[in-house]
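Using only what follows, build the 3D model:
(one chain, ligands or ions: 1)
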Amino acid sequence: MEFSDKLKSLLKSSKNVVAICGAGISQESGVPTFRGKGGLWEKYRPEELANFDAFIKNPVLVWEWYNYRKKLISEVNPNPGHYALYEMENLFEKFFIITQNVDGLHHKAGNKNVIEIHGNIMHSKCIECDKIHYDVPIQEKVVSIPKCECGGMIRPNVVWFGELISENLLMDSYKLLKDCQLLFVIGTSGNVYPVASFPIIAKENDAYLVEINTEKTTISYMMDEILEGQAGVFLPKIVEIIKN
Ligand code: OAD
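Numbering: from 1, shown residues only. The predicted structure is shown next:
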């Protein structure tokens with residue numbers, strides 16, 4: 001397993017480090033990815049379900065799909081890739097994860113500095129009063145749509161197609177990207193914006209960009225170094241280099 005001398009040296013000297021994560025990091029925990037080999041989208045069509053219009057048209061169907069994913073996620077655990085990122089939070093002076101994943105596995109691994117830019121699948125929100133609900137139970141067969149005390153329908157509190165990411169989370173992310181010396185881009189196909197454009201911001205500010213992915217992606221061309229393989233294999237090795 002070859003790491004460049006430049007990367008080895010940056011692993012020792014970098015103070016501000018950021019990891020952008022996508023579905024690939026959770027693949028080794030048993031959470032299907034959206035795209036790529038074995039991706040969830042081969043069996044389902046989330047672009048048809050993960051949007052507000054679909055929810056209004058058929059909330060039972062949308063909730064059934066989310067309950068299927070919530071159940072799956074509630075039964076899985078972080079893998080060596082997640083735990084390596086937890087170690088990095090303690091090894092670097094400043095280390096943040098910007099994740100597109102809604103599975104909460106970074107928090108489960110122990111990381112505290114996590115921006116969940118697409119939300120968290122376990123959290124829900126009233127479409128009328130915006131109240132956040134943390135206790136919506138998983139129903140295998142949806143008999144009734146969860147309702148808020150105000151009477152409004154409750155939806156998963158994740159970012160759907162056509163919806164904007166919170167301004168605050170974007171601002172926080174831009175600041176981290178501008179300040180970092182080293183950026184890891186892990187297990188994301190680079191198809192979904194704005195996150196797919198985040199590496200450019202770090203690059204413009206002279207960060208060294210390292211992609212970890214089992215395949216080449218649409219954003220591989222931006223990278224300074226590409227580690228082609230599983231996140232759960234590469235990340236623990238990177239932690240070893242930092243420690244030794
Ligand atoms: P994708 O499913 O688009 O991409 C997953 C990437 O992970 C692919 O490039 C795979 O090659 C790679 N991969 C698979 N297994 C891996 C492993 N063990 N180690 C490293 N890489 C691996 O997932 P995202 O890029 O995260 O948005 O998708 C972005 C967004 O699209 C998601 O957050 C979701 C979806 O629409 C929302 O739900 C809003």
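
Which positions in this structure make contact with the ligand?
Listed as neighbours of the ligand in the chain under the rule CB under 6 Å from any ligand atom: 22-24, 27-28, 33-36, 39, 50, 100, 118, 158-159, 187-189, 191-192, 212-215, 217, 230-231. For every residue, glycine as well, the C-beta is placed using N, CA and C.

Which of those residues fall in helices?
Gly24, Gln27, Ala231 (DSSP state H).

Neighbours of the first one, how many?
Okay, so that is Gly24. Neighbours of Gly24 under the rule other CB atoms under 10 Å: 27.

so what's it up against?
By CB atoms under 8 Å, 6 or more residues apart in numbering, Gly24 lies in contact with Thr33, Gly36, Ile186, Gly187, Thr188, Ser189, Asn213, Thr214, Ala231.

swap in Val159?
Ile117, His118, Gly119, Ile165.

quick revisit: can you say which of the residues of the chain next to the ligand are buried?
22-24, 27-28, 33-36, 39, 50, 100, 118, 158-159, 187-189, 212-214, 217, 230-231 (16 or more other CB atoms under 10 Å).

before we move on, the earlier item: which among the contacts of Val159 gets closest to Met88?
Set against Met88, the nearest of these by CB to CB is Ile117 (18.7 Å).

after the longest strand anywhere in the chain comes which helix or strand?
Longest strand in the chain, counting residues (DSSP state E): strand 119-126. Sequence order places strand 132-133 as the next helix or strand after strand 119-126, per DSSP states H and E.

Is Val136 in contact with Arg155, as I believe?
No. Val136 is beyond contact range of Arg155, at 9.6 Å (criterion: CB atoms under 8 Å).

before we move on, back to that, including pLDDT, could the contacts of Gly24 go into CSV?
Compiled in CSV, these are given as follows (pLDDT from 0 to 100):
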residue, pLDDT
Thr33, 86
Gly36, 67
Ile186, 98
Gly187, 98
Thr188, 97
Ser189, 94
Asn213, 98
Thr214, 97
Ala231, 98
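
Could you dump these into CSV with distance to Val60 added?
CSV is the format used below for the contacts of Gly24 (distance: CB to CB, whole Å):
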residue, distance to Val60
Thr33, 26
Gly36, 30
Ile186, 35
Gly187, 32
Thr188, 31
Ser189, 30
Asn213, 36
Thr214, 35
Ala231, 35
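
tell me, which helix in this structure spans the most residues?
helix 59-74.

Only the buried residues of that one, if you could.
Buried residues in helix 59-74, counted by 16+ other CB under 10 Å: Pro59, Val62, Trp63, Trp65, Tyr66, Asn67, Arg69, Lys70, Ile73.

next SSE after that helix?
Helix 59-74 is succeeded, C-terminally, by helix 80-91 (DSSP H and E).
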